[in-house]
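K.L.:
What would the 3D arrangement of this be:
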Amino acid sequence: MTARLLVAALRDPSSVTSLDAGSWTSLIAAARAEQMAGTLACRVQGLPMPGAVAAILADASASAEQGRIAALWEAEMARRALAPLGIPVILLKGTAFVAAGLSAGAGRHIGDLDILVPHASLDAAEEALIAAGWEWVKPDPYDDAYYRRWMHELPPMIHRERDRMIDVHHTILPLTARPRPHADALIAARTELRDGIAMLGREDVIVHAVAHLLADGDLAGGLRNLWDIHCLLADFDAPDFRERLRVRAAYHGLAPHMDRAIRLAAALYDDGAALTPIDWLFMRRLLGRDGWGRQRRKLTEFAFYLRGHWLRMPPAMLARHLWTKWRKGYRPVG
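P.N.:
Alright, predicted model coming up:
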């Protein structure tokens, strides 16, 4: 399976030296589909490969570096907008990784700027960002109201000049989700990177990655998220870190999700792990791409789409939400 080629290359870069032309094509297709081409380029740098492959990966590496610079600049623009209000800018996801120089940031694709601010500061942050040039992406009144009432973030905004999106979080899971992480504790335990810029504390960085992967969504981008978790575990490795991590995950109501994420990350990118029967369903979703990078297990993909919504909402609310989105023309699987 194509996805397994990507997993093997990330786990053991020397595995690519035996690939033929067709396997290289499949590997690059999977890396692009998972938005991990830059990560792959970093992992296999310096190894022998066909000239055409080297050129493709060089482009991916250059694109990732450009994305890193743009992400850090966007973080600085958010800091400047919020600094007069005394609101801390706590970076999340890829921008946090590159700002902190973590191995998870090496070659990582970075899309939106994700930040966390205190809930009490949301209105002021929204006004300041709009004044600084960001504007709303979702004009639909239903979507806007849904975000403001139930989600863990403001409706997404995009800067009218730089064409870059920002997601302003006030916690890490929707308010309707069953786990209820402690947002105040996340903010209090932040790690300062420089004046006005911070990231989550070490345990909470991984807790957030796990929450995003397993408690809020359909596992899209799962290979990349598990690579993040694998790298973060290695970066923060210490004799008692795993125990502190599990205690912190339990505090945030995410202990079972943390255990599963550690098992899946070890099974894919480390020396393996004993997986439960349910874990294998997750593996089926994660490894479902064909030789062109397309998801070929549509039923599994749709089942995880429904699972993601089930985790977010009580049944009656879920039924109303899916019916509303269906009437508006949204279709989750093409």
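K.L.:
For the helix or strand residue 125 falls within, which helices and strands make contact with it?
P.N.:
Using DSSP states H and E, residue 125 falls within helix 122-131. Contacts defined by 3 or more CB pairs under 8 Å, 6 or more residues apart in numbering; DSSP states H and E place helix 122-131 against helix 51-82, strand 165-169. The way it works is simple: take the backbone N, C-alpha and C, and place the C-beta from them, glycine included.
K.L.:
winner for burial among these?
P.N.:
Ranked by mean neighbour count, the helices and strands packed on helix 122-131 are led by strand 165-169 with a mean of 21 (mean count of other CB atoms under 10 Å).
K.L.:
Give me the distance between that strand and the centre of its chain.
P.N.:
Here strand 165-169 is found 13 Å from its chain centre; the criterion is CA atoms, centre = their mean, to the nearest Å.
K.L.:
So which residues make contact with that strand?
P.N.:
74, 78, 92, 111-117, 122, 125-126, 129, 134, 137, 152-154, 156-159 (CB atoms under 8 Å, 6 or more residues apart in numbering).
K.L.:
For it, C-alpha coordinates in PDB please.
P.N.:
Provided in PDB are the C-alpha atoms of strand 165-169 (Å, rounded to 0.1, in the frame of the first residue of the first chain):
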ATOM      1  CA  MET A 165      -5.800  32.500   7.500                       C
ATOM      2  CA  ILE A 166      -5.900  32.600  11.300                       C
ATOM      3  CA  ASP A 167      -7.800  30.400  13.700                       C
ATOM      4  CA  VAL A 168      -8.300  31.900  17.100                       C
ATOM      5  CA  HIS A 169      -8.900  29.200  19.700                       C
END
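K.L.:
which is the next helix or strand following the host helix or strand of residue 230?
P.N.:
Using DSSP H and E, residue 230 maps to helix 222-235. Sequence order places helix 241-251 as the next helix or strand after helix 222-235, per DSSP H and E.
K.L.:
what's the following helix or strand after that following helix?
P.N.:
Past helix 241-251, the next helix or strand by DSSP H and E is helix 255-269.
K.L.:
what mean pLDDT does the helix or strand following that next one have?
P.N.:
Beyond helix 255-269 on the C-terminal side, the first helix or strand identified by DSSP H and E is helix 277-286. Averaged across helix 277-286, the pLDDT comes to 93.
K.L.:
what do you get for stretch 124-137?
P.N.:
Stretch 124-137 shows a mean pLDDT of 95.
K.L.:
Quick check: which ranges of the stretch 101-250 of the chain have low pLDDT?
P.N.:
138 (pLDDT under 70).
K.L.:
rerun at 90
P.N.:
Residue ranges of the stretch 101-250 of the chain with pLDDT under 90: 136-151, 175-178, 195, 216-221.
K.L.:
quick one: residue 14 and residue 49 touch, right?
P.N.:
No. Between residue 14 and residue 49 there is no contact under CB atoms under 8 Å: 11.5 Å.
K.L.:
Tell me which entries of the contacts of strand 165-169 lie within strands.
P.N.:
Filtering these for membership in strands, criterion DSSP state E, returns 113, 114, 115, 116, 134, 157, 158, 159.
K.L.:
Kindly indicate which of the residues you listed lies nearest residue 18.
P.N.:
Nearest to residue 18 among those, counting by CB to CB, is residue 114 at 38.3 Å.
K.L.:
Residue 94 versus that closest one, what's the distance?
P.N.:
8 Å (CB to CB, to the nearest Å).
K.L.:
counting contacts, what elements does the helix or strand containing residue 97 pack onto?
P.N.:
In this assignment (DSSP H and E), residue 97 forms part of helix 93-99. Applying 3+ CB pairs under 8 Å, 6+ apart, one finds that helix 93-99 contacts helix 51-82, strand 113-116, strand 197-199, helix 202-214.
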